[in-house]
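What follows is a predicted structure for the sequence shown.
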Amino acid sequence: MCYKRGGIKFELRGNPCWLLVLVYNVGGAGQVASVKIRGLNTDWIEMRRNWGQNWQTFERLVGRSLSFQVTTNNGRMVQSDNIAPPNWQFNQAYEGNNF
């Protein structure tokens, strides 16, 4: 079991049509198996691994607060609600809950 200081970090990159999220500082098992994202007034959206710990979606989420669910390879899930405000910016990192 790995304990990390602080929360899981979500660094947002991309453009209005494509969102790439770097997920890091993950405690627990440490190996991320899946990431879901939810914008204000949307359902949970399964993100796809782009490479490494970069996860992507083509949903248009600019202008919506963002929540995340991270599941590790041992099946544990942590949810971070509304960690990025509606005016979030690309190339910024936001901090959520950790295991």
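All right, it came through fine.

Can you identify each of the strands in this structure by residue range?
9-15, 18-24, 32-39, 45-46, 48-51, 54-57, 66-72, 77-84, 92-95 (DSSP state E).

Show which residues not belonging to the shortest one make contact with it.
Just to be clear, that refers to strand 45-46. With contacts defined as CB atoms under 8 Å, 6 or more residues apart in numbering, strand 45-46 is touched by S34, K36, I37, R38, G39, T57, E59. To be clear about C-beta, it is placed using only N, CA and C from the backbone, and glycine gets the same treatment.

mind running it again at 10 Å?
19, 34-39, 55, 57-59, 61, 69 (CB atoms under 10 Å, 6 or more residues apart in numbering).

Show me which of those are buried.
L19, V35, K36, I37, R38, G39, W55, T57, L61, Q69 (16 or more other CB atoms under 10 Å).

pLDDT weak spots in the chain?
The chain contains residues with pLDDT under 70 at 1-4, 30.

quick one: the closest residue to I37 other than its chain neighbours from Q56, how far?
Among residues not flanking I37 along the chain, I45 sits closest, at 5.2 Å (CB to CB, 6 or more residues apart in numbering). According to CB to CB, to the nearest Å, I45 stands 11 Å off from Q56.

Then N97?
22 Å.

okay, the two: which has more neighbours?
Q56 (18 against 14; other CB atoms under 10 Å).

give me every residue that touches the more buried one.
R13, G14, W18, L19, L20, V21, V35, I37, M47, R48, R49, N50.

How about E59?
Contacts of E59 by CB under 10 Å, 6+ apart are C17, W18, L19, I37, R38, G39, T42, I45, M47.

Same question for M77.
Applying CB under 10 Å, 6+ apart, the residues near M77 are G28, A33, S34, K36, Q69, V70, T71, F99.
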